[in-house]
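K.L.:
curious how this folds, go ahead:
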Amino acid sequence: MRLFTLLILTSLLVTWGIKGIRAGEGKARHIRHVWVVIAAFLLQVPLLRGWWTRDIVSGLLVLSYVLLLWFGWSNRHLWSIRILTIGVVLNFIAVVANGGLMPVSPETLTRIHPSTSAEDWRLGIVPRGTKDIVLSRDQTRFWFLTDILVVPPPFPWPTALSVGDLFIWLGILILAWDVLGPARA
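P.N.:
A predicted model of the protein is given here:
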């Protein structure tokens, strides 16, 4: 889900940048270091392909979070980016505290994939195509910050979200309103 979020954020920032270039005014020209979001996105693409070892995956994930935190700090003058950065910080805490990957419990995975059971999800594995690690609740540090909120079927892409993801999405919605909403006087 975070890759999808980064893709949307990158698209909005590029749109916002183009809007600012065309208009020559407004908040768009005040966004700094858009390339950092693009770099963070590009760092996460290979992670979903399962190309590297767990250590490399976790290192790239942490590095992408560091880049997003730098972007957030550089753009803290914008409320939407502040809210988004709170989400990045919350996810960063959960990832770093749990060895560089986002924990998800077997019970959460069975809610996403109803045809499976908790026993089907071996603890400690990194499901292919994810940046998650399967951990039980008692093995997880800062459990309440991990992927515990389930968006189940019939949603087209059943997934688990974290509290940080909710802040990221709220920041993106506010950013989208600024980008696509009516012009302010």
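K.L.:
ok, V96 to G72 distance?
P.N.:
Using CB to CB, to the nearest Å, V96 is found at 16 Å from G72. (Each C-beta comes from the backbone N, C-alpha and C, glycine too.)
K.L.:
who's more crowded, those two?
P.N.:
G72 (23 against 17; other CB atoms under 10 Å).
K.L.:
wait, the more buried one sits on V88?
P.N.:
Yes - with contact defined as CB atoms under 8 Å, G72 reaches V88; the gap is 5.9 Å.
K.L.:
in PDB, please show the C-alpha coordinates belonging to stretch 143-159.
P.N.:
The C-alpha atoms that make up stretch 143-159 are tabulated as PDB, following Å, rounded to 0.1, in the frame of the first residue of the first chain:
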ATOM      1  CA  TRP A 143       2.300  -3.200  17.500                       C
ATOM      2  CA  PHE A 144      -0.300  -0.400  17.500                       C
ATOM      3  CA  LEU A 145       1.800   1.400  14.800                       C
ATOM      4  CA  THR A 146       2.000  -1.600  12.400                       C
ATOM      5  CA  ASP A 147      -0.300  -2.900   9.700                       C
ATOM      6  CA  ILE A 148      -3.300  -3.800  11.800                       C
ATOM      7  CA  LEU A 149      -6.200  -2.000  10.100                       C
ATOM      8  CA  VAL A 150      -7.700  -4.200   7.400                       C
ATOM      9  CA  VAL A 151      -9.500  -3.100   4.200                       C
ATOM     10  CA  PRO A 152     -11.100  -6.500   3.400                       C
ATOM     11  CA  PRO A 153     -12.700  -7.800   0.200                       C
ATOM     12  CA  PRO A 154     -14.700  -6.700  -1.700                       C
ATOM     13  CA  PHE A 155     -12.300  -3.800  -1.900                       C
ATOM     14  CA  PRO A 156     -10.400  -4.400  -5.200                       C
ATOM     15  CA  TRP A 157      -7.000  -4.600  -3.400                       C
ATOM     16  CA  PRO A 158      -7.600  -6.000   0.100                       C
ATOM     17  CA  THR A 159      -4.800  -4.700   2.300                       C
END
